[in-house]
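Participant: one predicted model, sequence on top.
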Amino acid sequence: MKKEEIKCLKLFCDQVKELESSRAMNSVRENSRIRLSIRIENGQSVEYNKNFPADEDIEKFTRLIRQFLMDGEYVNFQYITNILIKSSIDSENIKKLKGVWNEILNPKQKQVAITYKGIPLSNKELIGIFLYGGYIHAKDDDLINKYKGLKNTMGDLFDFWIFNIMLDLASVVIKTKTIIEKNHLFNETTP
């Protein structure tokens, strides 16, 4: 394994540790999962409760998860798993985790679909709309319109859906970090 790759693995593990210790993750651990409860009686919405981490905690959590998704980042999940597979580091389990990651983003099995103008969107597309249409960077008019449309029609349910996807992705990167640490691929003095 190249020195640069080892540095990327260390950086990945450091970012995952930051994710694990984030207030959003701690909040989720304390509440087991985020909850969105809607009670309907006689066709009328009667009760609505949401149990989300605070907005600033979700923002930090979102920025951390985003790094693992972004092409070209040293901590991009696909890049990190390719290093591990190429280096024959627990390849079977890494391939399984990579499969789980891909299934979360682009499910092959039928699921409840969120649509925009009648077109079903994958979880990967939804995260892209969430991140780049309004939550972190709002530069692309098409994504901005989709973000506004989804927020207007779905309200907090959209945030609930996205945050649960990101929690599933967080679980995968945490398991990947555990494999890296278990294999002692670097020590604490590795820059």
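Facilitator: Noted; the coordinates are in hand. Numbering: from 1, shown residues only.

Participant: ok, Ser87 to Thr178 distance?
Facilitator: Look at Ser87 and Thr178: by CB to CB, to the nearest Å, they are 17 Å apart. Yep, even glycine has a C-beta here, placed from its N, CA and C like the rest.

Participant: so these two - more neighbours on which side?
Facilitator: In this view Ser87 and Thr178 are compared by other CB atoms under 10 Å, and Ser87 has more residues nearby, 17 against 13.

Participant: the more buried one: what's it in contact with?
Facilitator: Counting by CB atoms under 8 Å, 6 or more residues apart in numbering, Ser87 makes contact with 1, 5.

Participant: give me phi/psi at it?
Facilitator: In this entry, Ser87 is assigned phi and psi values of phi -90, psi 10 (degrees, to the nearest 10).

Participant: now do the contacts for Ile136.
Facilitator: So Ile136 contacts 62-63, 66 (CB under 8 Å, 6+ apart).

Participant: my guess is Lys146 contacts Thr115, does it?
Facilitator: No - if you go by CB atoms under 8 Å, Lys146 and Thr115 don't touch, sitting 10.8 Å apart.

Participant: which residue is nearest the middle of the protein?
Facilitator: Met166 (2.7 Å; CA atoms, centre = their mean).

Participant: how close does Trp106 get to Met70?
Facilitator: Rather than Trp, residue 106 is Asn. 17 Å.

Participant: more crowded one of those two?
Facilitator: Under the criterion of other CB under 10 Å, the comparison of Asn106 against Met70 puts Met70 first, with 14 against 11.

Participant: between Lys146 and Thr115, which is the more surrounded one?
Facilitator: More crowded of Lys146 and Thr115, by other CB under 10 Å: Lys146, with 22 against 10.

Participant: what helix or strand is the more buried one located in?
Facilitator: Assigned by DSSP states H and E, Lys146 belongs to helix 141-154.

Participant: what mean pLDDT does that helix have?
Facilitator: Helix 141-154 shows a mean pLDDT of 89.

Participant: please name every helix or strand in contact with it.
Facilitator: Counting contacts by 3 or more CB pairs under 8 Å, 6 or more residues apart in numbering; DSSP states H and E, helix 141-154 packs against strand 114-116, helix 123-130, helix 156-182.

Participant: okay, now the unreliable bits of this structure?
Facilitator: 28-52, 110-111, 187-191 (pLDDT under 70).

Participant: try 80
Facilitator: Where the chain drops to pLDDT under 80, the residues are 26-58, 109-113, 134-140, 156, 185-191.

Participant: give me phi/psi at Leu121?
Facilitator: Leu121 adopts backbone torsions of phi -110, psi 140, taken as degrees, to the nearest 10.

Participant: wait, it touches Ile114, no?
Facilitator: Yes - assessed by CB under 8 Å, Leu121 is found in contact with Ile114 at 5.5 Å.

Participant: quick one: which of those two has more around it?
Facilitator: Ile114 (19 against 16).

Participant: on that earlier part again, which residues does the residue nearest to the centre of the chain contact?
Facilitator: Listed by CB under 8 Å, 6+ apart, the contact set of Met166 reads 61-62, 65, 127.
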